[in-house]
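[1] from the sequence below, what's the structure:
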Amino acid sequence: MKKLSKLRLWSLCLFSKPAEDRVLYKRAIKDKPQSIVEIGMASLARTQTLIQIAQQSTANEVRYQGIDLFEGREKPIAGLTLRDAHRLLSTTGAKVRVLPGECQTTITRQANQIGAVDFLVVTNPTTSSEFENCWFFLPRMLTENGKLYLRHLGSGELRYQILTRVEVEQLASRIRPALQRAA
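    Numbers count the residues shown, from 1 in each chain. Okay, here's the model as predicted:
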């Protein structure tokens, strides 16, 4: 895949739309991820850009794994089918794996196979109660320096909350006992 120029990287970090994605681009340049997992694929263009930035940052092969409902969404996103996503993302040269299904069941079944993740993006956590069951698995997926980018609505606009592995472990330990008491 064609290398991004410094001007293109600069423009992505300052002017790309939607604005909340700028955080992801800046962090990908800084953190140099080798493994990216995206839960809730919002845009194939954004995903391609993240992969491209990661490929420029490392000499190793970049691994990308995307989890989404694809055609199973209530209102499917035009052009975001499992087949199209895999075909388009495979052209990046990264090792691509797309997994259909809702977050809870897919993470529960695939957490060990997903492996060590440097850059975990949660774009569409569906409902918070469904995503709470995933917290137990997230710390084991993240590398020591891995980060979770959790998109949420804050101050009337979409933003990414950046969590380190330690913060994810703390959240998981607080949420898990609450879920066990509720059961």
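
[2] who's in contact with stretch 74-88?
    41, 44, 48, 66, 68, 70-71, 96, 98, 100 (C-beta atoms under 8 Å, 6 or more residues apart in numbering). Heads up, the C-betas are built off the backbone N, CA and C, glycines and all.

[3] and it, how far apart are its ends?
    This stretch, stretch 74-88, spans 23 Å end to end (C-alpha to C-alpha, to the nearest Å).

[4] any low-confidence regions in the protein?
    1-2, 76-79, 124-130, 176-183 (pLDDT under 70).

[5] mind telling me the two of the contacts of stretch 74-88 farthest from one another?
    Taking C-beta to C-beta, the two most distant members of the contacts of stretch 74-88 are 48 and 71; they sit 20.3 Å apart.

[6] compare those two (neighbour count), which wins?
    residue 48 (17 against 12; other C-beta atoms under 10 Å).

[7] and the strand of greatest length in the chain, which strands flank it?
    The residue-count maximum for a strand in the chain (DSSP state E) belongs to strand 142-154. Strand 142-154 has the following sheet partners, assigned by DSSP bridges: strand 117-122 (parallel), strand 157-164 (antiparallel).

[8] how about the strands in this protein?
    Using DSSP E, strands in the chain cover 35-39, 63-68, 95-100, 117-122, 142-154, 157-164.

[9] ok, which of those comes nearest residue 13?
    Among the strands of the chain, strand 157-164 sits nearest to residue 13 (C-beta to C-beta), with 13.8 Å.

[10] quick check: buried residues in that closest one?
    Buried residues in strand 157-164, counted by 16 or more other C-beta atoms under 10 Å: 160, 163.

[11] go on, stretch 50-60?
    Buried residues in stretch 50-60 (16+ other C-beta under 10 Å): 50-55, 57.

[12] with distance to residue 19 as added columns, please give the strands of the chain in CSV.
    Formatted as CSV, these follow (distance: least, C-beta to C-beta, whole Å):
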stretch, distance to residue 19
strand 35-39, 18
strand 63-68, 22
strand 95-100, 26
strand 117-122, 16
strand 142-154, 12
strand 157-164, 8
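
[13] could you point out which of those strands sits nearest residue 16?
    Nearest of these (C-beta to C-beta): strand 157-164, 13.4 Å.

[14] who touches the closest one?
    18-20, 23-24, 27, 121, 146-154, 171.

[15] go again using 10 Å as the cut-off
    18-24, 27, 42, 120-123, 138, 142, 144-154, 167, 169-171 (C-beta atoms under 10 Å, 6 or more residues apart in numbering).
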